[in-house]
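Visitor: below are the sequence and a predicted model; questions follow.
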Protein chains: 2
Amino acid sequence: MDPEQIAKAFVEHYYTIFDTNRPGLASLYQDGSMLTFEGQKLQGGQAIVGKLTSLPFQQCKHNVSTIDCQLSGPAGGMLVFVSGNMQLPGEDHLLKFSQMFHLLSNGQGSFYVHNDIFRLNYA
Amino acid sequence: MDPEQIAKAFVEHYYTIFDTNRPGLASLYQDGSMLTFEGQKLQGGQAIVGKLTSLPFQQCKHNVSTIDCQLSGPAGGMLVFVSGNMQLPGEDHLLKFSQMFHLLSNGQGSFYVHNDIFRLNYA
């Protein structure tokens, strides 16, 4: 698969898990992984998934608008940049967001999320 | 300087050059650098600066709202994620944007932009 296809498949996979089985995101992070969520920094899969599963909403639906990707350089990683919106239960208003992921090889033919930065885009 | 300070200094430097002397951005990119600008992919400092200097506005003013940064892994780079808005001449309406940079060492004690992804956040 070319990088664009990998990025698209990763993004679909990530938000499907987020929206249907958030604890399952643990499989995508490792101990060295970092998340910056609305400015809050977390490190390690356990802390990251702890944060994501304790967000103050149970259900949500991500709608992806754009996916951009680039190879990240000598370490053989891939950068994925997403824009879209989130729908929360009982809310008509959509929350626009931007998120970037840096994917690195897990040494087993697949990628894990080494870097994850999430920001809401306030209107 | 710690990574947060480097990221802040880089962001101020980048947008000051962009807003006052756009051709000067050439010093921040190298041949292997990549820019994805609103989905259009460019590679190499010359192509990137050619794109940025041919945007259909002469003057602009970037206002930065948030800066997030993380170390990007084994290659010793740094990821910088910016949100903010742009003001174009004669336009009251501000254009919201998100942009990410992957900075790598230039081998001379400083960083260059290896990856650059820019998206407007349409309201």
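Guide: Done, it's in. Not measured: the values here are computed from a predicted model.

Visitor: quickly note the distance from A:Leu52 to A:Leu28.
Guide: Using CB to CB, to the nearest Å, we find A:Leu52 at a distance of 11 Å from A:Leu28. Bear in mind the C-beta positions are built from the backbone N, C-alpha and C, glycine included.

Visitor: these two: which is more packed in?
Guide: A:Leu28 (23 against 19; other CB atoms under 10 Å in any protein chain shown).

Visitor: just say helix, strand or coil for the nearest residue to the more buried one once chain neighbours are set aside.
Guide: Using CB to CB, 6 or more residues apart in numbering or on different chains and skipping the chain neighbours, the partner closest in space to A:Leu28 is A:Val113 (5.0 Å). Look at A:Val113: counting by DSSP: H, G, I helix; E, B strand; the rest coil, its state is strand.

Visitor: so who does A:Val113 touch?
Guide: A:14, A:28-29, A:33, A:101-103 (CB atoms under 8 Å, 6 or more residues apart in numbering or on different chains).

Visitor: ditto for A:Gly39
Guide: Counting by CB under 8 Å, 6+ apart, the residues that A:Gly39 touches are B:66, B:68.

Visitor: for it, grab phi and psi.
Guide: phi 90, psi -10 (degrees, to the nearest 10).

Visitor: look at it and report its pLDDT.
Guide: You'll see A:Gly39 listed with a pLDDT of 97.

Visitor: look up how far B:Val80 lies from it.
Guide: 14 Å.

Visitor: can you pull the residues that touch both of these two?
Guide: What both A:Gly39 and B:Val80 touch, as defined by CB under 8 Å, 6+ apart, is the set B:Asp68.

Visitor: just the element for whatever residue of chain A ends up closest to chain B, please.
Guide: The minimum distance from chain A to chain B, using CB to the nearest CB, falls at A:Ser98 (3.9 Å). Using DSSP states H and E, A:Ser98 sits within strand A:95-105.

Visitor: quick one: distance of that strand to the chain centre.
Guide: 5 Å (CA atoms, centre = their mean, to the nearest Å).

Visitor: quick one: low-confidence residue ranges for chain A.
Guide: Residue ranges of chain A with pLDDT under 70: A:123.

Visitor: quick check: longest helix of it.
Guide: Scanning chain A for the longest helix, with DSSP state H as the assignment, gives helix A:3-20.

Visitor: coming back round to it: now for the residue nearest to the residue of chain A closest to chain B when sequence neighbours are not counted, how many residues are close by?
Guide: Counting by CB to CB, 6+ apart, the nearest residue to A:Ser98 once its immediate chain neighbours are dropped is B:Ser98, at 3.9 Å. Neighbourhood size, B:Ser98 [other CB under 10 Å]: 26.
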